[in-house]
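1. please work out how this folds:
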Amino acid sequence: MAESISDLTEDAQSLQLTMQTHKDELVTKGFKDTRFQDFSDALNAVIKKSSTQTAAQSTMVQSTDDQNSAIKDAIAIAAKVQNAARSAFGKNKPKMKEFKVGTRKSRSVSQLSQLLDYLAGVCTKYHDELVENGMTADDFADLSSAYATLVTTDAVQEHSKKLRNVATDTRDDSVASLKDQMFKVRSFAKSAFAGNKALLEEFKPIKRGGKRGAATPPPPVPEPVTAQPAQPSK
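-> Down below sits the predicted model:
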């Protein structure tokens, strides 16, 4: 979308310059003065709202990265708790089930946050056994902070997504408005300056590069001629 916005604003700026250059001719033909300002406002709106959308998109990408990092940390601390449980209780099935060992760790924030909250309670119950099998005070603290960070980053990411969507819709509305202005100006020119090919050419859209033609194939390389041995004379 960024490239098409760039193309649109470049074309609009070129058309705006043409309008200013031929302002007197346009006004003489009935083009109202207010339409010059309307066109300028529409162009500036696209530039401003496109910039806002780009910033919103960047914020959303960063918040998604933060969320993914929180998910990664949450999975890691959950695995550490379960490994300590394996060390403490071996293959005791009821205990493994209690620690949810073997359960696939979903990357869903909702399910993962529920798992961390649940494991925090189990860790309290088996605190001493886990400490004797690799868990430290920092690990228990990490379990709590991983849960809090996961919930927070998810909320921020969802909010930034909404803001990005709003900014995108607003930008797209401004693009539609500018395109409408450009269409009307060019239609006016076609009507007012019919037959004036040179002037109408100035109102035309910027020509963009089309498809390149197929590359010319290289000339065939002649096959090397092998010298024939001389025949003995009779």
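
2. just the helices in this protein please.
-> Ranges of helices in the chain, per DSSP state H, are 2-21, 23-28, 33-89, 93-98, 109-125, 127-131, 137-192, 197-203.

3. give the buried residues for the first one.
-> Burial within helix 2-21, assessed by neighbour count using 16 or more other Cβ atoms under 10 Å, is assigned to I5, L8, T9, D11, A12, L15, Q16, T18, M19. (Glycine included, C-beta is placed from N, CA and C.)

4. what does it contact?
-> Around helix 2-21, the neighbours that count as contacts under Cβ atoms under 8 Å, 6 or more residues apart in numbering are 26, 36, 39-40, 42-43, 46-47, 50, 54, 171, 175, 178-179, 182, 185-186, 202-203, 205-206, 208.

5. and for the fifth one?
-> Applying Cβ under 8 Å, 6+ apart, the set of residues contacting helix 109-125 from outside is 67, 71, 74-75, 77-78, 81, 98-100, 103, 105-106, 130, 135, 140, 143-144, 146-147, 150-151, 154.

6. tell me the angle it makes with helix 137-192.
-> Using axes from the mean of the first three to the mean of the last three Cα atoms, to 10 degrees, the inter-axis angle of helix 109-125 relative to helix 137-192 is 170 degrees.

7. over to the longest one?
-> Orientation of helix 33-89 against helix 137-192 (the same axes, to 10 degrees) gives an angle of 160 degrees.

8. any idea of the mean pLDDT for stretch 93-112?
-> For stretch 93-112, mean pLDDT rounds to 92.

9. can you give me the end-to-end distance of it?
-> 22 Å (Cα to Cα, to the nearest Å).

10. any idea how far that stretch is from the chain center?
-> Its chain's C-alpha centre and that of stretch 93-112 lie 33 Å apart, by Cα atoms, centre = their mean, to the nearest Å.

11. residue numbering should commence at 22 henceforth.
-> Will do, 22 is the new start, and the previous item becomes stretch 114-133.

12. list the buried residues of it.
-> Residues K116, M117, E119, F120, K121, V122, K126, V130, L133 are the ones in stretch 114-133 that count as buried (16+ other Cβ under 10 Å).
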